[in-house]
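**Student:** can't give you the sequence, but here's the structure:
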(Lines give C-alpha, C1' and ligand atoms only; values in the text may rest on other atoms or scores of the structure.)
Protein backbone atom coordinates (compact mmCIF):
# COMPACT_ATOMS: atom_id res chain seq x y z
CA UNK A 1 0.00 0.00 0.00
CA UNK A 2 2.46 2.61 -1.17
CA UNK A 3 -0.14 4.87 -2.70
CA UNK A 4 -3.31 6.46 -1.37
CA UNK A 5 -5.77 4.46 -3.47
CA UNK A 6 -6.55 2.17 -0.54
CA UNK A 7 -7.45 5.04 1.81
CA UNK A 8 -11.14 5.08 2.69
CA UNK A 9 -11.87 8.72 3.51
CA UNK A 10 -14.94 9.08 5.71
CA UNK A 11 -14.81 12.88 6.01
CA UNK A 12 -12.48 15.54 4.66
CA UNK A 13 -12.27 19.31 4.65
CA UNK A 14 -9.41 21.82 4.71
CA UNK A 15 -8.98 21.40 8.48
CA UNK A 16 -9.27 17.69 9.23
CA UNK A 17 -9.68 14.24 7.76
CA UNK A 18 -11.27 11.05 9.11
CA UNK A 19 -10.14 7.70 7.72
CA UNK A 20 -11.55 4.18 8.02
CA UNK A 21 -8.44 2.25 9.08
CA UNK A 22 -8.32 -1.44 8.11
CA UNK A 23 -7.49 -4.02 10.76
CA UNK A 24 -3.78 -4.84 10.68
CA UNK A 25 -2.62 -1.45 9.38
CA UNK A 26 -0.25 0.50 11.61
CA UNK A 27 -1.08 4.14 12.30
CA UNK A 28 2.63 5.06 12.47
CA UNK A 29 5.92 3.26 11.81
CA UNK A 30 6.75 1.02 14.75
CA UNK A 31 9.77 -0.81 16.13
CA UNK A 32 7.63 -3.95 16.37
CA UNK A 33 7.24 -4.10 12.58
CA UNK A 34 9.86 -4.44 9.81
CA UNK A 35 11.04 -1.29 8.05
CA UNK A 36 8.77 -0.14 5.22
CA UNK A 37 5.73 -1.84 6.74
CA UNK A 38 2.71 0.09 5.38
CA UNK A 39 1.26 2.63 7.78
CA UNK A 40 -1.51 5.20 7.72
CA UNK A 41 0.73 8.20 8.42
CA UNK A 42 2.81 7.46 5.33
CA UNK A 43 -0.30 7.17 3.15
CA UNK A 44 -1.59 10.51 4.43
CA UNK A 45 1.79 12.11 3.74
CA UNK A 46 1.43 11.04 0.12
CA UNK A 47 -2.11 12.42 -0.02
CA UNK A 48 -1.08 15.77 1.48
CA UNK A 49 2.54 16.18 0.34
CA UNK A 50 2.77 19.86 1.29
CA UNK A 51 1.23 19.53 4.75
CA UNK A 52 2.06 18.16 8.16
CA UNK A 53 -0.81 15.90 9.16
CA UNK A 54 -1.20 15.62 12.93
CA UNK A 55 -2.38 12.57 14.83
CA UNK A 56 -5.21 13.41 17.20
CA UNK A 57 -5.81 9.99 18.77
CA UNK A 58 -4.78 6.39 18.14
CA UNK A 59 -6.11 2.97 17.26
CA UNK A 60 -4.34 -0.31 17.91
CA UNK A 61 -2.93 -1.98 14.82
CA UNK A 62 -5.43 -4.83 15.16
CA UNK A 63 -8.45 -2.52 15.58
CA UNK A 64 -10.30 -1.24 12.52
CA UNK A 65 -12.45 1.83 12.11
CA UNK A 66 -12.63 5.59 12.21
CA UNK A 67 -9.54 7.59 13.15
CA UNK A 68 -9.19 11.36 13.05
CA UNK A 69 -6.28 13.53 11.86
CA UNK A 70 -5.81 17.31 11.83
CA UNK A 71 -4.36 19.18 8.87
CA UNK A 72 -2.79 21.97 10.89
CA UNK A 73 -1.35 22.41 14.37
CA UNK A 74 -4.09 24.68 15.74
CA UNK A 75 -6.84 22.25 14.76
CA UNK A 76 -4.84 19.38 16.26
CA UNK A 77 -4.53 21.25 19.56
CA UNK A 78 -8.24 22.04 19.64
CA UNK A 79 -9.22 18.43 18.96
CA UNK A 80 -6.73 17.08 21.49
CA UNK A 81 -8.22 19.45 24.05
CA UNK A 82 -11.66 18.01 23.38
CA UNK A 83 -10.29 14.52 23.98
CA UNK A 84 -8.58 15.64 27.17
CA UNK A 85 -11.81 17.22 28.45
CA UNK A 86 -13.79 14.11 27.48
CA UNK A 87 -16.01 15.98 25.04
CA UNK A 88 -15.48 13.42 22.25
CA UNK A 89 -17.81 10.44 22.11
CA UNK A 90 -16.28 7.29 20.63
CA UNK A 91 -18.32 4.20 19.80
CA UNK A 92 -16.92 0.71 19.34
CA UNK A 93 -18.36 -2.69 18.51
CA UNK A 94 -16.85 -5.93 19.72
CA UNK A 95 -17.63 -9.63 19.80
CA UNK A 96 -17.03 -11.13 23.23
CA UNK A 97 -17.08 -14.57 24.78
CA UNK A 98 -20.27 -15.42 26.69
CA UNK A 99 -23.54 -13.61 27.07
CA UNK A 100 -22.80 -10.16 28.46
CA UNK A 101 -25.32 -8.27 30.59
CA UNK A 102 -27.80 -6.15 28.62
CA UNK A 103 -25.96 -3.02 29.74
CA UNK A 104 -23.48 -1.82 32.31
CA UNK A 105 -20.65 0.54 33.20
CA UNK A 106 -17.14 -0.73 33.82
CA UNK A 107 -15.38 1.64 36.24
CA UNK A 108 -12.04 -0.06 36.71
CA UNK A 109 -8.72 1.78 36.91
CA UNK A 110 -5.94 0.55 34.62
CA UNK A 111 -2.20 0.68 35.13
CA UNK A 112 -0.34 2.27 32.21
CA UNK A 113 1.20 -0.33 29.90
CA UNK A 114 4.98 0.12 30.01
CA UNK A 115 6.74 -0.08 26.66
CA UNK A 116 10.31 -1.12 27.51
CA UNK A 117 11.60 -0.35 24.01
CA UNK A 118 9.90 2.98 23.32
CA UNK A 119 10.22 4.22 26.91
CA UNK A 120 13.25 2.47 28.42
CA UNK A 121 13.65 5.01 31.23
CA UNK A 122 10.00 5.39 32.16
CA UNK A 123 8.72 4.22 35.52
CA UNK A 124 7.17 0.75 34.98
CA UNK A 125 5.20 0.99 38.24
CA UNK A 126 3.00 4.01 37.62
CA UNK A 127 -0.24 4.18 39.56
CA UNK A 128 -3.45 2.96 37.93
CA UNK A 129 -5.46 5.64 36.12
CA UNK A 130 -9.23 5.97 36.15
CA UNK A 131 -10.89 4.20 33.23
CA UNK A 132 -14.61 4.05 32.47
CA UNK A 133 -16.47 2.22 29.69
CA UNK A 134 -20.24 2.04 29.23
CA UNK A 135 -21.57 -0.91 27.24
CA UNK A 136 -24.78 -2.49 25.99
CA UNK A 137 -25.42 -5.86 24.42
CA UNK A 138 -26.83 -5.67 20.90
CA UNK A 139 -27.18 -9.39 20.13
CA UNK A 140 -26.15 -12.83 21.29
CA UNK A 141 -25.74 -16.29 19.79
CA UNK A 142 -25.14 -19.88 20.86
CA UNK A 143 -23.16 -22.07 18.46
CA UNK A 144 -23.49 -25.87 18.64
CA UNK A 145 -19.73 -26.26 19.01
CA UNK A 146 -18.33 -27.67 22.29
CA UNK A 147 -15.70 -25.55 24.04
CA UNK A 148 -13.93 -27.10 27.01
CA UNK A 149 -16.56 -28.56 29.34
CA UNK A 150 -19.40 -26.63 27.71
CA UNK A 151 -21.60 -28.24 25.00
CA UNK A 152 -22.03 -24.95 23.11
CA UNK A 153 -20.17 -21.71 22.52
CA UNK A 154 -21.86 -18.45 23.48
CA UNK A 155 -21.01 -14.99 22.16
CA UNK A 156 -22.32 -11.44 22.38
CA UNK A 157 -22.17 -8.44 20.07
CA UNK A 158 -21.50 -5.46 22.34
CA UNK A 159 -21.42 -1.70 21.79
CA UNK A 160 -18.91 0.13 23.99
CA UNK A 161 -18.59 3.86 24.63
CA UNK A 162 -15.40 4.59 26.58
CA UNK A 163 -15.29 7.82 28.59
CA UNK A 164 -11.53 7.64 29.01
CA UNK A 165 -8.86 6.60 26.53
CA UNK A 166 -6.38 4.31 28.26
CA UNK A 167 -4.22 1.95 26.21
CA UNK A 168 -6.10 -1.26 25.36
CA UNK A 169 -8.91 0.02 27.57
CA UNK A 170 -11.81 -1.84 25.97
CA UNK A 171 -9.82 -5.04 25.59
CA UNK A 172 -8.73 -4.95 29.24
CA UNK A 173 -12.15 -3.89 30.53
CA UNK A 174 -13.99 -6.68 28.72
CA UNK A 175 -11.48 -9.19 30.08
CA UNK A 176 -12.06 -7.75 33.56
CA UNK A 177 -15.78 -8.58 33.41
CA UNK A 178 -14.93 -12.06 32.06
CA UNK A 179 -16.10 -11.34 28.51
CA UNK A 180 -12.82 -11.12 26.57
CA UNK A 181 -12.91 -9.96 22.96
CA UNK A 182 -12.70 -12.67 20.31
CA UNK A 183 -9.47 -12.52 18.33
CA UNK A 184 -7.55 -10.77 21.11
CA UNK A 185 -4.25 -12.66 21.37
CA UNK A 186 -3.06 -10.65 24.39
CA UNK A 187 -6.14 -10.23 26.60
CA UNK A 188 -8.46 -12.83 25.06
CA UNK A 189 -8.87 -16.60 25.30
CA UNK A 190 -7.14 -18.93 22.88
CA UNK A 191 -9.88 -21.56 22.64
CA UNK A 192 -12.43 -19.06 21.41
CA UNK A 193 -9.98 -17.34 19.08
CA UNK A 194 -9.23 -20.75 17.59
CA UNK A 195 -12.94 -21.57 17.21
CA UNK A 196 -13.50 -18.41 15.16
CA UNK A 197 -10.47 -19.16 13.00
CA UNK A 198 -11.31 -22.81 12.35
CA UNK A 199 -15.11 -22.71 12.13
CA UNK A 200 -15.84 -19.16 10.93
CA UNK A 201 -12.65 -18.24 9.02
CA UNK A 202 -12.22 -15.13 11.18
CA UNK A 203 -8.57 -14.28 11.79
CA UNK A 204 -8.75 -10.79 13.27
CA UNK A 205 -9.45 -8.93 16.49
CA UNK A 206 -13.20 -8.34 16.51
CA UNK A 207 -13.00 -4.77 17.78
CA UNK A 208 -14.19 -2.00 15.47
CA UNK A 209 -14.23 1.77 16.05
CA UNK A 210 -17.54 2.52 14.34
CA UNK A 211 -18.24 6.11 15.35
CA UNK A 212 -16.79 9.36 16.62
CA UNK A 213 -18.68 12.53 17.54
CA UNK A 214 -17.05 15.88 18.30
CA UNK A 215 -17.30 19.63 17.75
CA UNK A 216 -15.65 20.87 14.57
CA UNK A 217 -12.85 23.19 15.78
CA UNK A 218 -13.56 25.83 13.12
CA UNK A 219 -17.26 25.67 12.19
CA UNK A 220 -18.43 24.77 15.69
CA UNK A 221 -20.96 22.26 14.35
CA UNK A 222 -21.26 18.83 15.92
CA UNK A 223 -19.90 16.13 13.61
CA UNK A 224 -20.89 12.48 13.91
CA UNK A 225 -18.77 10.27 11.66
CA UNK A 226 -19.59 6.57 11.30
CA UNK A 227 -17.56 3.80 9.71
CA UNK A 228 -19.16 0.65 8.40
CA UNK A 229 -17.96 -2.58 9.95
CA UNK A 230 -16.51 -3.77 6.64
CA UNK A 231 -17.59 -6.57 4.31
CA UNK A 232 -15.66 -9.28 6.15
CA UNK A 233 -17.20 -8.44 9.52
CA UNK A 234 -20.67 -7.92 8.04
CA UNK A 235 -20.53 -11.37 6.42
CA UNK A 236 -19.39 -12.89 9.71
CA UNK A 237 -22.21 -11.18 11.61
CA UNK A 238 -24.76 -12.43 9.11
CA UNK A 239 -23.47 -15.98 9.56
CA UNK A 240 -24.05 -15.51 13.29
CA UNK A 241 -27.60 -14.24 12.62
CA UNK A 242 -26.78 -10.61 13.48
CA UNK A 243 -28.28 -8.40 10.77
CA UNK A 244 -29.03 -5.14 12.59
CA UNK A 245 -27.83 -2.88 15.36
CA UNK A 246 -24.56 -1.88 13.71
CA UNK A 247 -23.48 0.45 10.86
CA UNK A 248 -22.95 -1.32 7.55
CA UNK A 249 -21.95 1.73 5.51
CA UNK A 250 -20.15 4.97 6.32
CA UNK A 251 -22.17 8.07 7.20
CA UNK A 252 -21.61 11.65 8.34
CA UNK A 253 -24.16 13.79 10.21
CA UNK A 254 -23.80 17.45 11.19
CA UNK A 255 -25.84 19.53 13.58
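**Tutor:** Sure, I can see it. Owing to the predicted nature of the structure, the values given are computational and were not obtained by experimental measurement. Residues are numbered from 1 along each chain as shown.
**Student:** strands along this protein, start to end?
**Tutor:** Assigned by DSSP state E, the strands in the chain fall at 9-12, 16-21, 54-55, 64-70, 89-97, 103-107, 132-143, 153-162, 207-215, 222-226, 251-254.
**Student:** what strands line up against the third one, and which way round?
**Tutor:** Its sheet considered, strand 54-55 pairs with strand 64-70 (antiparallel) by DSSP bridges.
**Student:** what separates the partner strand from the chain centre, distance-wise?
**Tutor:** On the basis of CA atoms, centre = their mean, to the nearest Å, strand 64-70 sits 9 Å off its chain's mean C-alpha point.
**Student:** got the angle between it and strand 207-215?
**Tutor:** Orientation check (axes from the mean of the first three to the mean of the last three CA atoms, to 10 degrees): strand 64-70 against strand 207-215 gives 30 degrees.
**Student:** what ranges do the helices span in the protein?
**Tutor:** With DSSP state H as the criterion, the chain has helices at 40-47, 73-84, 169-176, 190-200, 231-239.
**Student:** export these to JSON lines and tack on mean neighbour count and distance to residue 101?
**Tutor:** All C-beta spots, glycine's among them, are computed from the backbone N, C-alpha and C. Shown next, in JSON lines, are the helices of the chain (neighbours: other CB atoms under 10 Å; distance: least, CB to CB, whole Å):
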{"stretch": "helix 40-47", "mean neighbour count": "16", "distance to residue 101": "35"}
{"stretch": "helix 73-84", "mean neighbour count": "16", "distance to residue 101": "28"}
{"stretch": "helix 169-176", "mean neighbour count": "22", "distance to residue 101": "12"}
{"stretch": "helix 190-200", "mean neighbour count": "15", "distance to residue 101": "19"}
{"stretch": "helix 231-239", "mean neighbour count": "16", "distance to residue 101": "20"}
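**Student:** which ones are touching the residue nearest the centre of the chain?
**Tutor:** When CA atoms, centre = their mean is applied to the chain, the residue found nearest the centroid is residue 209 (3.9 Å). Each residue near residue 209 by CB atoms under 8 Å, 6 or more residues apart in numbering is listed here: 21, 59, 63-67, 90-92, 227.
**Student:** noted, bye for now.
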